[in-house]
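1. fold the following.
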Amino acid sequence: MALLLLSLGLSLVSAQELNPRAIVRKNYNMAKVSGVWYSVSMASDDMKRIEENGDLRVFIRKIESLKDGGLKFHFYFMVQGECVQVAVVCDRTDKDGEYTISYEGDNKVWLSETDYTLYVTFHLRNTRNGTETNVLALYDLKKSAESTGWVLRTSSA
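-> Coordinates of the predicted model:
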């Protein structure tokens with residue numbers, strides 16, 4: 001069900017101006033991913049982790065491509081009822097579009113798909129205490145994503 005909702009979100013975002021020929025699924029230019037992004041939707045095989053107060057529930061604000069090939073994500077997330085801004089750096093691996101980060105366990109982050117102008121999707125695989133959790137996140141480059149309420153609830157910080 002969660003994947004269906006993520007697909008619906010992608011459909012709504014991409015219906016704006018999507019050019020199927022512009023979709024990139026490999027050989028990413030991470031400099032083109034840098035910029036201000038807005039959270040649209042998240043899906044997970046463990047919904048508790050992305051529900052309200054979940055440890056993997058985050059709201060993107062900005063992505064930066066670093067000189068060393070890493071990515072810096074600027075997130076908002078809720079801590080004890082307060083919206084807190086956090087920046088995290090993901091280290092690049094030898095694989096195209098793959099990064100690692102240590103947070104609540106060991107994590108791999110993959111850029112799944114983008115067109116660089118409308119949307120980007122990321123796949124996070126978190127391994128904690130032998131349990132694996134997968135999260136898909138859809139981000140929109142257009143400010144219209146704020147109308148979903150995801151960002152509005154967290155942007156007062």
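
2. tell me who's in contact with the nearest residue to Arg128 once chain neighbours are set aside.
-> Excluding its sequence neighbours, the residue lying closest to Arg128 (C-beta to C-beta, 6 or more residues apart in numbering) is Gly105, at 3.0 Å. Where you see a C-beta, it was placed from the backbone N, CA and C, and this is true even at glycine. Gly105 sits next to 126-129 when contact means C-beta atoms under 8 Å, 6 or more residues apart in numbering.

3. same deal with Tyr103?
-> Contacts for Tyr103 (C-beta under 8 Å, 6+ apart) come out as 88, 126.

4. ok, now how distant is it from Ile23?
-> Separation of Tyr103 from Ile23 (C-beta to C-beta, to the nearest Å): 29 Å.

5. likewise for Arg125?
-> Arg125 is 22 Å from Ile23, by C-beta to C-beta.

6. and what of Tyr99?
-> 20 Å.

7. which SS state does the closest residue to Leu124 other than its chain neighbours fall under?
-> In space, and not counting its chain neighbours, Leu124 is closest to Val135: 4.4 Å by C-beta to C-beta, 6+ apart. With DSSP: H, G, I helix; E, B strand; the rest coil as the basis, Val135 sits in strand.

8. Val135 reaches Asp55, doesn't it?
-> No. Counting by C-beta atoms under 8 Å, Asp55 is not a contact partner of Val135; they are 10.7 Å apart.

9. the two: which has the busier surroundings?
-> Here Val135 and Asp55 are set side by side on neighbour count (other C-beta atoms under 10 Å), and the busier one is Val135, at 24 against 15.

10. report the contact partners of that one.
-> Val135 neighbours (C-beta under 8 Å, 6+ apart): 42-44, 49-50, 56, 123-124, 126.

11. most centrally placed residue in the chain?
-> Most central in the chain under C-alpha atoms, centre = their mean is Ala137, positioned 4.3 Å from the mean C-alpha point.

12. which residues does it contact?
-> 39, 41-42, 58, 60, 121-122, 124.

13. ok, back up a step: now, of the contacts of Val135, which are buried?
-> Neighbour counting with 16 or more other C-beta atoms under 10 Å marks 42-44, 49-50, 56, 123-124, 126 as buried within the contacts of Val135.

14. can you flag which of these belong to strands?
-> In strands, judged by DSSP state E, the following of the buried ones among the contacts of Val135 are found: 42-44, 123-124, 126.
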